[in-house]
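1. Generate coordinates for the sequence data below:
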Amino acid sequence: MRGFIEIDSERCKGCGLCVNVCPVKAITFSKKYNTKGYHFAEYRGEGCIACGFCYLSCPDVCITVFREVQKKTGVQV
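-> Okay, here's the model as predicted:
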């Protein structure tokens, strides 16, 4: 399964729980700071398997996980 995530960088406090729990290491810390002065987490842009571990571990609920859905075609009855 493939997917991607979006991280609300302004809500992220850079705790790193999502970075540590990601099994494919698709999340890292940004070199930038948000307006609160935290190095927020950011998606590397590829590799997400949409497992949702990052979403479940985020105490600030700033991660949204999107899963790719494959359409079935040519289904015979």
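2. C-alpha from now on. contacts and neighbour counts both.
-> Will do.
3. where in the chain is pLDDT low?
-> Scanning the chain for pLDDT under 70 picks out 75-77.
4. need the strands for it, in chain order.
-> Applying DSSP state E to the chain gives strands spanning 3-7, 27-29, 41-43, 63-67.
5. packing partners for the first one?
-> Other elements packing on strand 3-7 under the criterion 3 or more C-alpha pairs under 8 Å, 6 or more residues apart in numbering; DSSP states H and E are strand 41-43, strand 63-67.
6. and the last one, which residues are buried?
-> When burial is assessed from 16 or more other C-alpha atoms under 10 Å, strand 63-67 yields the following buried residues: 63, 65-66.
7. so His39 makes contact with Lys32?
-> Yes. Contact criterion C-alpha atoms under 8 Å: His39 and Lys32 qualify, at 6.0 Å.
8. rewinding a little: now render the buried residues of strand 63-67 as CSV, adding distance to Arg44.
-> Shown next, in CSV, are those (distance: C-alpha to C-alpha, whole Å):
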residue, distance to Arg44
Ile63, 14
Val65, 14
Phe66, 15
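9. For the helices and strands packed on strand 3-7, could you give me TSV that also reports distance to Cys51?
-> What follows is the helices and strands packed on strand 3-7, written out as TSV (distance: least, C-alpha to C-alpha, whole Å):
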stretch	distance to Cys51
strand 41-43	14
strand 63-67	8
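10. Quick one: the helices in this structure, in order.
-> According to DSSP state H, the chain carries its helices in the segments 17-21, 53-57.
11. and of those helices, who's closest to Lys72?
-> helix 53-57 (27.0 Å; C-alpha to C-alpha).
12. ok, and what's touching that closest one?
-> Here helix 53-57 makes contact (C-alpha atoms under 8 Å, 6 or more residues apart in numbering) with 17-19, 21-22, 61-65.
13. got the CA coordinates for it in PDB?
-> Extracted in PDB, the C-alpha atoms of helix 53-57 (Å, rounded to 0.1, in the frame of the first residue of the first chain):
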ATOM      1  CA  PHE A  53       1.900   4.900  12.900                       C
ATOM      2  CA  CYS A  54       3.000   8.500  12.600                       C
ATOM      3  CA  TYR A  55      -0.700   9.600  13.000                       C
ATOM      4  CA  LEU A  56      -1.200   7.400  16.000                       C
ATOM      5  CA  SER A  57       2.000   8.600  17.700                       C
END
